[in-house]
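*Asks:* next input, structure requested:
(one chain, ligands or ions: 1)
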Amino acid sequence: MNNYKIDDILKKALSGNTLKKDEIVDILSLDNENDLNKLYNAAREIRNRNFMNKIFLYGFVYFSNYCRNNCNFCYSRKSNNIERYRKNTDEIIDISLRLKDSGVNLIDLTMGEDPFYHNSDFKDVFNASFEAKKQTNLPMMISPGVVDHDLIDRFSSSGIEWYALYQETHNRNLFELLRKDQDYDIRMNAKLHAKSSGMLIEEGILVGVGETLEDIADSILEMKKMEADQVRVMTYVSHEGIPLKGDVELNKELEFKTIAVMRLLCQNSLIPASLDIEGIDGLKPRLDAGANVITSIILPSEGLQGVAQSCKDIDDGNRSVETVNKILNEMNLKAATSSEYSSYISSRKALYV
Ligand code: SF4
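*Replies:* Model (predicted):
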């Protein structure tokens, strides 16, 4: 792409105008260092305008890795022969309290689609999330997979702020390959219902799973259209025993570009830099691309897994707030306070009242 064209596209985004699909594809195709620097500078400028130098920190509690599904990209898929665990309510509350003490702004309670909960009306999940919220007094994100609209309404009315559910792609053919035997529309409608019932929603995609640049552009436009409050992209990480193969080294630059383009289009949305892909070493480039949330902060020695990377940097404590803060300091960024995060949530919710 010539310099004139990239400058024009970035100028358009910096002025607050949305980009068209062919412009997004042009940006995702960039490959020379000079152009990429212009892109990341623009993304950071938009982030700083909306959030100053404040970065939100999310504690991650993957409390059950049992799952009834066989997604072709997932380590926890039903057919994979892995060590399974399910934390009880007291353990979930205890871990959440310790995460709060460490300085996170939100607790993200995530599970596979565990048949134990699905067959028991989610009573334990509901109690654990409600009690963890009450005792930590922190905002909560719940990621229970696809659940009934009635249950979403119960989470919403009990004050749980976020519902996270990732389509991973908005290409229906690719969805069928990735999320084997699952229904695209039921999944999409669950999060749209969560939004209409007053919850904030997180939508997300994977790169390195056979998608085209056009697919990524379609996904970004779709996430913008659905007004997802948090939009995430992750590079697919291969695991032993998983059908889908992927190469982080080959695909991570595409993830960084996608973070930047999401920032150009979804300017006031939250965009995670996940520690779940390259561990702490991957934090800086993702923040440099315009991310403003650090996800998958996990306490060591709790026997908890990540999702994309089951154990990377967990037991050596490198996914802790302390380690993250050192990197934020080096980048002249700052962890947000709880009240700054609560203000963001209130202002975001006020948009839809
Ligand atoms: S991605 Fe989620 S639903 Fe799919 S197999 Fe993994 S844990 Fe289960």
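
*Asks:* helix, strand, or coil at the residue lying closest to His118 once chain neighbours are set aside?
*Replies:* Nearest residue to His118 in three dimensions, chain neighbours excluded: Arg68, at 6.8 Å (Cβ to Cβ, 6 or more residues apart in numbering). No exception for glycine: its C-beta is placed from N, CA and C like everyone else's. Under DSSP: H, G, I helix; E, B strand; the rest coil, Arg68 falls in the coil class.

*Asks:* got the contact list for Arg68?
*Replies:* 78, 112-115, 118 (Cβ atoms under 8 Å, 6 or more residues apart in numbering).

*Asks:* buried subset of those residues?
*Replies:* The neighbour-count test (16 or more other Cβ atoms under 10 Å) marks 112-114, 118 as buried among these.

*Asks:* out of the residues you listed, who's nearest the ligand?
*Replies:* Gly112 (3.4 Å; Cβ to the nearest ligand atom).

*Asks:* contacts with the ligand among the contacts of Arg68, please.
*Replies:* 112-113 (Cβ under 6 Å from any ligand atom).

*Asks:* would you turn the contacts of Arg68 into CSV with secondary structure, distance to Ile55 and pLDDT?
*Replies:* Formatted as CSV, these follow (DSSP: H, G, I helix; E, B strand; the rest coil; distance: Cβ to Cβ, whole Å; pLDDT from 0 to 100):
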residue, secondary structure, distance to Ile55, pLDDT
Lys78, coil, 36, 95
Gly112, coil, 28, 97
Glu113, coil, 31, 97
Asp114, coil, 31, 97
Pro115, helix, 37, 96
His118, helix, 35, 90
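
*Asks:* closest to Asp181 among the contacts of Arg68?
*Replies:* Nearest to Asp181 among the contacts of Arg68: Lys78, at 10.6 Å, using Cβ to Cβ.

*Asks:* so who does the closest one touch?
*Replies:* So Lys78 contacts 67-70 (Cβ under 8 Å, 6+ apart).

*Asks:* one step back: confidence score at the residue nearest to His118?
*Replies:* Per-residue pLDDT puts Arg68 at 97.

*Asks:* what of Glu249?
*Replies:* Reading off the model, Glu249 has pLDDT 88.

*Asks:* same question, Gly16
*Replies:* pLDDT, Gly16: 96.

*Asks:* and it, what does it touch?
*Replies:* Gln267.

*Asks:* how close does it get to Tyr184?
*Replies:* From Gly16 over to Tyr184 the distance is 32 Å, taken as Cβ to Cβ, to the nearest Å.

*Asks:* Three-state assignment for the residue nearest in space to the middle of the chain, please.
*Replies:* For the chain, the residue nearest the mean C-alpha position is Arg232 (4.2 Å; Cα atoms, centre = their mean). Three-state call for Arg232 (three-state DSSP): strand.

*Asks:* nearest spatial neighbour of it, skipping sequence neighbours?
*Replies:* In space, Arg232 is closest to Gly204, 3.9 Å off (Cβ to Cβ, 6+ apart).

*Asks:* need the contact list for the one you found.
*Replies:* 164, 166-168, 231-234.

*Asks:* hmm, try it at 7 Å
*Replies:* 166, 168, 231-234 (Cβ atoms under 7 Å, 6 or more residues apart in numbering).

*Asks:* those residues: which two are farthest apart?
*Replies:* Largest pairwise distance in those, by Cβ to Cβ, is 12.6 Å, between Glu168 and Val231.

*Asks:* contact residues of the stretch 51-200 of the chain facing the ligand?
*Replies:* 67, 69, 71, 74, 76-77, 112-113, 145.
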